[in-house]
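Enquirer: Next come a sequence and a model predicted from it.
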Amino acid sequence: MSDVKDPGAGLAGYFRDDVHILPIRVYYEDTDFSGIVYHANYLRFMERGRTDSLRLAGVGQSELHADGKGIFFAVRRMTIEYFKPAVMDDLLHVETHTREVRGASLIIDQKIRRGDEVLVTGEVRVAAIAGDRPARIPDHLRDILMGKKLVGA
């Protein structure tokens, strides 16, 4: 029997300073017919990085949404550069860093690495929305997003 009280402990990655790092193993299902990671799957890896960054910082998506009455984050724009491919069984690290928080939006920089190699970079502009309209990001959430109050750091 394990001494771990939370069976999900460690699944959300970790913080190094204000950068969230999420380890991801590449599985067969992530690859295309040639054995390399299908390009759209990097988007999934980055989404997991952004979500687990919030989770580990103490902000659960379900609490933010508050049964449809809270704030939702929606990707407004994403710019991605692919440098090198990942292949099955690679251990990747998704790095997520909030660069800027504005009134109702934020800019997140992300990298996917294999060891010291940068495979993919992304810049993500995310909009905060409540009731189908842009919503100002509350100050306490702004502090968390900018790494000033990291629970998991």
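Expert: Everything's here; your move. Everything quoted here is computed from the prediction, not taken from an experiment. Residues are numbered from 1 along each chain as shown.
Enquirer: For this protein, just list every one of the strands.
Expert: For the chain, the strands defined by DSSP state E cover 14-16, 19-25, 72-82, 91-101, 105-114, 117-130, 133-134.
Enquirer: Make a markdown table from those and add distance to V59 and mean pLDDT to it.
Expert: Any C-beta I mention is one placed from the backbone N, CA and C, and that applies to glycine too. Output for these, formatted as a markdown table (distance: least, CB to CB, whole Å; pLDDT from 0 to 100):
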| stretch | distance to V59 | mean pLDDT |
| --- | --- | --- |
| strand 14-16 | 13 | 93 |
| strand 19-25 | 12 | 96 |
| strand 72-82 | 10 | 96 |
| strand 91-101 | 12 | 97 |
| strand 105-114 | 13 | 98 |
| strand 117-130 | 12 | 97 |
| strand 133-134 | 19 | 94 |
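Enquirer: Mind putting those strands into JSON lines with mean neighbour count and distance to S34?
Expert: JSON lines is the format used below for those (neighbours: other CB atoms under 10 Å; distance: least, CB to CB, whole Å):
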{"stretch": "strand 14-16", "mean neighbour count": "14", "distance to S34": "32"}
{"stretch": "strand 19-25", "mean neighbour count": "19", "distance to S34": "19"}
{"stretch": "strand 72-82", "mean neighbour count": "14", "distance to S34": "14"}
{"stretch": "strand 91-101", "mean neighbour count": "18", "distance to S34": "18"}
{"stretch": "strand 105-114", "mean neighbour count": "20", "distance to S34": "17"}
{"stretch": "strand 117-130", "mean neighbour count": "19", "distance to S34": "16"}
{"stretch": "strand 133-134", "mean neighbour count": "12", "distance to S34": "42"}
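Enquirer: can you tell which of those is closest to G58?
Expert: G58 lies closest to strand 14-16 among the strands of the chain, at 11.4 Å (CB to CB).
Enquirer: Distance from the chain centre to that closest one, please.
Expert: Its chain's C-alpha centre and that of strand 14-16 lie 12 Å apart, by CA atoms, centre = their mean, to the nearest Å.
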